[in-house]
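1. Here's a sequence, model it:
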Amino acid sequence: MGMTGRWRAARTGRRRAVRFGFLALALAVGPALASGPARAQQSSPRSPNSEPTPSPQVGPARQLGVPFSGTPGRFDAITDVPGVEVGMTTLIRGEGKLIRGQGPVRTGVTVIFPLGKRAAEGVGAGRAVSNGTGEFTGMEIVDETGLLFGPVALTGTGNIAVVRQGIIDWSTRPGFLAPREWIARLLPAVGETLDLGLNDVFGHPMAPRDVYAALDSASGGPVAQGNVGGGTGMVSYGFKGGTGTASRIVRIGGRSYVVGVLIQANNGSRRSLTIAGVPVGREITDLRPRFEGPRLGDTTTTGAAVKHSLLVVIATNAPLVPHQLRRLARRAGVGSARLGSFGGNLSGDFAVAFSTAARFDDRGTPVTATILDDWNEATMDALFEGSVQATEEAEVNALVAARTMTGADGSTVYALPHDRLVALLERYGRYAPPKR
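-> Residues are numbered from 1 along each chain as shown. I've put the predicted structure just below:
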C-alpha cells in the first residue's frame with residue numbers, strides 16, 4: 001500500500017479553492033466474499049425502547065426550559081447535516097440477578113454514516129483525544145490520511161469486537177459494494193464506553209444481527225436520545241446518561257453551514273455538574289447510583305462509578321480539510337467542560353469530526369473543493385463556537401432524555417429529576433420558557 005499527497009491552492013478573497021489528496025491506494029483485491037450476513041430486520045432509531053422524539057428545533061432540554069446559545073437546525077440533531085444518517089439498536093432484556101451470558105442486558109450500538117449507508121465515498125476527518133484511557137478503533141488511519149470511510153459506531157466496551165466485525169461483514173456482503181470500494185471499510189471506527197454497572201458486559205449479549213439492524217435502520221430526520229443505542233446502559237454525572245445530539249446553524253461569509261454533534265455520555269462527577277451556569281450537582285446530592293453485586297473495581301464513597309468516558313462525533317457541511325477538522329474535534333472538550341467535566345483520570349474522552357463537503361473516492365482520489373480560510377479568524381471561530389454549543393446541548397439532552405434504569409443485580413441509576421432541575425433554573429434566574 002502506497003500513499004501520496006498533493007496540495008494545490010489558489011487564494012480567492014477569503015476562501016481557497018484547493019485540490020487535495022491524501023491517499024492513493026495500490027491494492028491487489030481478491031474476489032468478493034462468497035457469502036455475507038443475512039439482512040437483519042430493520043429497527044428504527046425511534047424504537048419502542050426509545051423516548052418520544054422531540055419536536056423540530058426543540059431538543060428535550062430546551063423543552064424543559066434549559067437556555068442555550070446559538071440557533072439549532074430543523075431537528076436539533078447531527079442529522080441536520082445533509083447526508084448524515086443515524087441508526088441504533090437498543091438491547092434491554094432480563095431483570096434480577098446477574099448471570100454471565102444470560103443477563104440482565106442493558107446495552108446497544110449507535111452508527112453514524114457521514115454520507116448515508118449506501119455511499120462508497122470517504123470524507124475528510126480529524127480526531128482529538130482529551131484522555132486516552134479508552135478505545136476507538138480505526139483512528140490510526142484517520143490520523144495518517146485524514147480520511148474516514150464508512151460509519152462511526154459507538155457502543156459498550158464489551159461489544160467492540162462484534163460491532164467491528166459486523167461492520168466489515170455488512171459492508172462486504174455480495175451485491176452491496178464493489179470489492180475495490182469495500183476495501184476502505186476494513187478498518188472501521190468503533191468507540192466504546194463502559195456500561196458495567198447495569199449490563200452483562202462480560203456475557204457478550206450483542207450478536208451480529210444487532211449490528212446489522214443498526215446499520216440497516218440508519219436514516220436522516222429526528223434522532224432518539226437517552227437510554228438508546230450505545231448509550232443504553234451509561235451513567236453521566238451520577239445520573240442516568242446515554243445518547244444525546246444537537247446542532248447549530250453557522251453563518252460564514254453570507255452562507256449558512258451546519259455543525260451537528262452526537263455524543264455517548266458515560267462521564268462526569270456529580271459534584272461538578274453544571275447546567276446553564278447552575279451548580280446542579282451541588283444542589284441535588286441525593287439520588288445516587290445504587291450498584292449491587294460484585295463489580296470490576298469499586299465505586300467511590302459518593303456512589304459514583306470510578307470509570308467514566310465520553311465519545312463525541314462532530315459533523316459539518318462546511319468545507320474543511322483534515323487539519324481544520326482536528327481543530328474542530330478539540331473543541332468537544334470545551335463543550336463538555338461547560339457541564340463541569342474535567343476529563344478524569346480514567347475517563348476515556350475521544351472526539352472525531354468530519355466534513356461531508358470534503359469527499360474522496362475509494363482510492364482517496366483528490367477532488368476539487370472550496371476550503372474555508374484558516375487565517376480568517378471569524379470563519380474558524382464561528383465553527384468552533386457552534387461545535388462547543390452543540391456539544392454542551394447534546395450532553396444536557398442525554399441527561400434530560402434519559403430515564404431511571406434498573407439492571408444487573410437490581411442496580412439502579414436514577415434520572416435527573418426534571419421538576420427539581422426546572423426549580424433550580426428558576427431560582428438561579430436561568431429558566432427559559434420553551435417556545436410553543
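
2. Only C-alpha atoms from now on, for both contacts and neighbour counts.
-> Fine.

3. May I ask which helix or strand of this protein has the lowest mean pLDDT?
-> strand 6-12 (a mean of 33; mean pLDDT, DSSP states H and E).

4. how about the CA coordinates for stretch 383-403, as PDB?
-> The C-alpha atoms that make up stretch 383-403 are tabulated as PDB, following Å, rounded to 0.1, in the frame of the first residue of the first chain:
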ATOM      1  CA  LEU A 383     -17.400  26.900  13.600                       C
ATOM      2  CA  PHE A 384     -15.600  26.400  16.900                       C
ATOM      3  CA  GLU A 385     -18.400  28.200  18.800                       C
ATOM      4  CA  GLY A 386     -21.000  26.100  17.000                       C
ATOM      5  CA  SER A 387     -19.300  22.900  18.000                       C
ATOM      6  CA  VAL A 388     -18.900  23.900  21.600                       C
ATOM      7  CA  GLN A 389     -22.600  25.000  21.800                       C
ATOM      8  CA  ALA A 390     -23.800  21.800  20.200                       C
ATOM      9  CA  THR A 391     -21.700  19.500  22.300                       C
ATOM     10  CA  GLU A 392     -22.900  21.200  25.500                       C
ATOM     11  CA  GLU A 393     -26.500  20.900  24.500                       C
ATOM     12  CA  ALA A 394     -26.100  17.300  23.300                       C
ATOM     13  CA  GLU A 395     -24.700  16.300  26.700                       C
ATOM     14  CA  VAL A 396     -27.600  18.000  28.600                       C
ATOM     15  CA  ASN A 397     -30.100  16.400  26.200                       C
ATOM     16  CA  ALA A 398     -28.700  13.000  27.000                       C
ATOM     17  CA  LEU A 399     -29.300  13.700  30.700                       C
ATOM     18  CA  VAL A 400     -32.800  15.100  30.300                       C
ATOM     19  CA  ALA A 401     -33.900  12.400  27.800                       C
ATOM     20  CA  ALA A 402     -32.600   9.500  29.900                       C
ATOM     21  CA  ARG A 403     -34.900   7.700  32.400                       C
END
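
5. dump the residue contacts of residue 268.
-> Listed by Cα atoms under 8 Å, 6 or more residues apart in numbering, the contact set of residue 268 reads 236-238, 308, 340-344.

6. got a list of what residue 276 touches?
-> 66-68, 339, 430.

7. all strands for the stretch 101-250 of the chain, in order.
-> Assigned by DSSP state E, counting those that start in this stretch, the stretch 101-250 of the chain shows strands spanning 105-113, 122-131, 136-137, 147-149, 152-156, 189-193, 235-236, 239-240, 242-252.

8. Compare these and give me the one nearest residue 361.
-> Smallest distance to residue 361 across the strands of the stretch 101-250 of the chain (Cα to Cα): 6.1 Å, for strand 122-131.

9. Distance check, the residue lying closest to residue 82 once chain neighbours are set aside against residue 385.
-> Leaving aside its chain neighbours, residue 82 sits nearest to residue 317 (7.2 Å; criterion: Cα to Cα, 6 or more residues apart in numbering). Distance, residue 317 to residue 385, using Cα to Cα, to the nearest Å: 15 Å.

10. Low-confidence regions, the chain specifically.
-> Where the chain drops to pLDDT under 70, the residues are 1-57, 180, 182, 294-307, 362-364, 366-369, 436.

11. give me that answer again for 80
-> Across the chain, the ranges flagged by pLDDT under 80 are 1-58, 177-184, 293-308, 343-347, 361-371, 373-378, 435-436.

12. now the helices for it?
-> In the chain, the segments counted as helices under DSSP state H are 60-64, 139-145, 160-171, 179-182, 208-217, 280-283, 322-337, 377-401, 418-427.

13. Just send these back as JSON lines, with mean neighbour count too.
-> Converted to JSON lines, the helices of the chain look like this (neighbours: other Cα atoms under 10 Å):
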{"stretch": "helix 60-64", "mean neighbour count": "22"}
{"stretch": "helix 139-145", "mean neighbour count": "17"}
{"stretch": "helix 160-171", "mean neighbour count": "22"}
{"stretch": "helix 179-182", "mean neighbour count": "19"}
{"stretch": "helix 208-217", "mean neighbour count": "24"}
{"stretch": "helix 280-283", "mean neighbour count": "18"}
{"stretch": "helix 322-337", "mean neighbour count": "23"}
{"stretch": "helix 377-401", "mean neighbour count": "25"}
{"stretch": "helix 418-427", "mean neighbour count": "16"}
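
14. Arrange those in CSV, one row each, with distance to residue 128 as further columns.
-> Formatted as CSV, those follow (distance: least, Cα to Cα, whole Å):
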stretch, distance to residue 128
helix 60-64, 27
helix 139-145, 10
helix 160-171, 20
helix 179-182, 26
helix 208-217, 25
helix 280-283, 27
helix 322-337, 5
helix 377-401, 13
helix 418-427, 32
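
15. which stretch among those helices comes nearest residue 254?
-> helix 377-401 (11.0 Å).

16. Counting by contacts, list what that closest one packs against.
-> When contacts are defined as 3 or more Cα pairs under 8 Å, 6 or more residues apart in numbering; DSSP states H and E, helix 377-401 sits against helix 60-64, strand 242-252, strand 255-266, helix 322-337.
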